[in-house]
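# model the structure of this input:
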Amino acid sequence: MPSKKLITLLDSFSKVDLKQFQKFIHSSYFNENEEIHQLFGIILKSMQRQNDKQLIINNKQQIWKQLFRQKKYNDAYLRKLCYELGQLANMFLIIEAQKRERVHKDIQLLEIYKERKLFTHFDSLSKKVNQHNQLASIDYYQQYRLEHLHHTKLEKAVGKFKTLDHLERADHYMDCFFIIKKLKLYCDFLDYRHSVSKEAKIGMIPGFLDYIQKSDFIQHALIRSYFLVTNMLLEKEEASYFYELKDVLAHNIGDIAREELKALYIYLINYCIDTKINAGRSDYFFELFDLYKAVLRDEIFIEKNTISPQDYKNIITVGLHIKQFEWVESFIQNYTEKLPEEHQDNALTYNLAKVYFHKEDYPKVIEQLREVEYKNLVYALGGKLMLLKTYYELDEYIPLDSLIDSFRIYLRRNKKISKEVQQQYMNVLRFVKKLSNIDPYDQEAIKKVKKQVEDCKALASKKWILQKIAVLEK
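This is a model prediction of the structure:
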């Protein structure tokens, strides 16, 4: 029967993957058993028809009947076919991954040419590898493999060496590979040690950082970057490492692979947030904003022309915090379409309303939000809350009271809202209602509400409500 492991594996395939895999198992080079192809077709139809994976797993008799019609059920044979289908799926994933790893594939081919003494083929491919794969796109280990292959190829071709240049470079890149891997592991350890209860036994070789700093290895942009990250995490109060790393990344954008740049910028972003902003250094919001602009400019956080919803949200939040309203509005107009399709609905309307609210252009907020029905729960709650604040800011008490009533009903009826979140918003409605009805000259009543707000644990927009109370205080 189809195991949970097989169904989960196939369920991870995209539509394109499934089409390609179908071609893959049709190929007699990889699969000569027509029964496996038929089995895959049956499972695929079942997966498309039924969302319940367990139902497919338990449907072995039906699958057998479709596969063999009148033949007596044989559980062991069905298991064997499912196992072989799973092995083919694994092989397909490996081959697809190798297609994306061009450098790795080319170096493997060079190794084959060398073993077969196809030296003309070796030299021709080697030139292409050197032309198309600079340090930015080929890691140190692959550089080591490439140089070592050149060295051993000379040994096979001539039997003796006139130069050891390739051997020296192979040794250099192996050292680079060790240094960068050690630094990256140590950075991971330093980054996680405060959030993971059990501490990993990952230490730094005595004098290792001093050795790197004094050696020629520090001239490699990637090694220098992780050397700076290490020091940034070890000496959090010393901001010079942060600024130097920013500078290194800005000036070596073409010498560091894109995936490495992303990881390094995340270290910088986390340093701004965790080490500085959370410690009260609000000036680092400007540094954080500069980092976000850099990753957008160089498309470091853009994957397949798509930006993650979390990055999109964070960039807007930071931009609004430092009042870069025009820039944020332009960002929303240009990048909302780069969100994953399922996150695009109403994102433009909601976030533009957010900009107008921060600009205190309240009529435009109402224009954006009043007629919109949000499918996304976060946008729905955020939109209603923003409209509530807007009516309060404009002293529009009739629509405010109406919205409070309809919002309360929405919170009670929507089963997707957790009790905790429901309570946070119910308390907002309660306090906004009190503030809208309070006598602005009754300071005792205002103090009483303030104390209630301060003591309230479950309260959305607590900071905004306290600001509105401060306006009433005299």
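
# which SS state does residue 353 fall under?
helix (DSSP: H, G, I helix; E, B strand; the rest coil).

# for the spatially most central residue of the chain, what are its contacts?
Residue closest to the average C-alpha location in the chain (Cα atoms, centre = their mean): residue 308, at 6.5 Å. Applying Cβ atoms under 8 Å, 6 or more residues apart in numbering to residue 308 gives the contacts 301, 340. In this view, the C-beta of every residue, glycine as well, is placed from N, C-alpha and C.

# swap the cut-off to 10 Å and go again
Contact analysis of residue 308 by Cβ atoms under 10 Å, 6 or more residues apart in numbering lists 301, 302, 314, 338, 339, 340, 343.

# the helices in the stretch 51-200 of the chain, which residues?
Using DSSP state H, counting those that start in this stretch, the helices of the stretch 51-200 of the chain run over 53-57, 60-68, 75-100, 102-115, 119-132, 140-158, 165-192.

# ugh, wrong one, I meant the stretch 301-450 of the chain
Using DSSP H, counting those that start in this stretch, helices in the stretch 301-450 of the chain cover 309-321, 325-335, 341-344, 347-358, 362-369, 377-393, 397-413, 419-437, 443-455.

# including mean neighbour count, could those helices go into CSV?
Listed next are the helices of the stretch 301-450 of the chain as CSV, based on neighbours: other Cβ atoms under 10 Å:
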stretch, mean neighbour count
helix 309-321, 18
helix 325-335, 16
helix 341-344, 12
helix 347-358, 21
helix 362-369, 19
helix 377-393, 20
helix 397-413, 15
helix 419-437, 17
helix 443-455, 14
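
# low-confidence ranges in this protein?
The chain contains residues with pLDDT under 70 at 1-2, 49-58, 102-103, 130-138, 155-162, 194-200, 474.

# what pairs with residue 303 across the strands?
Beta bridges link residue 303 to residue 306, judged by DSSP bridges.

# check contacts around it.
258, 262, 338.

# list only those of those flagged as buried.
Among those, those buried by neighbour count (16 or more other Cβ atoms under 10 Å) are residue 338.

# and of the contacts of residue 303, the nearest to residue 290?
Nearest to residue 290 among the contacts of residue 303: residue 262, at 16.5 Å, using Cβ to Cβ.

# does the residue nearest to that closest one when sequence neighbours are not counted count as helix, strand or coil?
In space, and not counting its chain neighbours, residue 262 is closest to residue 300: 5.2 Å by Cβ to Cβ, 6 or more residues apart in numbering. Counting by three-state DSSP, the backbone at residue 300 sits in coil.

# neighbours around residue 188, how many?
14 (other Cβ atoms under 10 Å).

# ok, back up a step: let me know whether the residue nearest to residue 262 touches residue 259 as I believe.
Yes. In this structure residue 300 lies within contact range of residue 259 using Cβ atoms under 10 Å: 9.3 Å.

# out of the two, which sits in the busier spot?
Neighbour count, other Cβ under 10 Å: between residue 300 and residue 259, residue 300 has more, with 21 against 9.

# contacts only, for the more buried one.
Residues in contact with residue 300, defined by Cβ under 10 Å, 6+ apart, are 249, 253, 258-266, 291, 294.

# 8 Å - rerun?
258, 261, 262, 265, 294.

# looking at these, which are in helices?
Assigned to helices by DSSP state H, the following of those qualify: 258, 261, 262, 265, 294.

# and the residues you listed as JSON lines, adding distance to residue 13?
Formatted as JSON lines, the ones in helices among the contacts of residue 300 follow (distance: Cβ to Cβ, whole Å):
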{"residue": "258", "distance to residue 13": "25"}
{"residue": "261", "distance to residue 13": "29"}
{"residue": "262", "distance to residue 13": "25"}
{"residue": "265", "distance to residue 13": "31"}
{"residue": "294", "distance to residue 13": "35"}
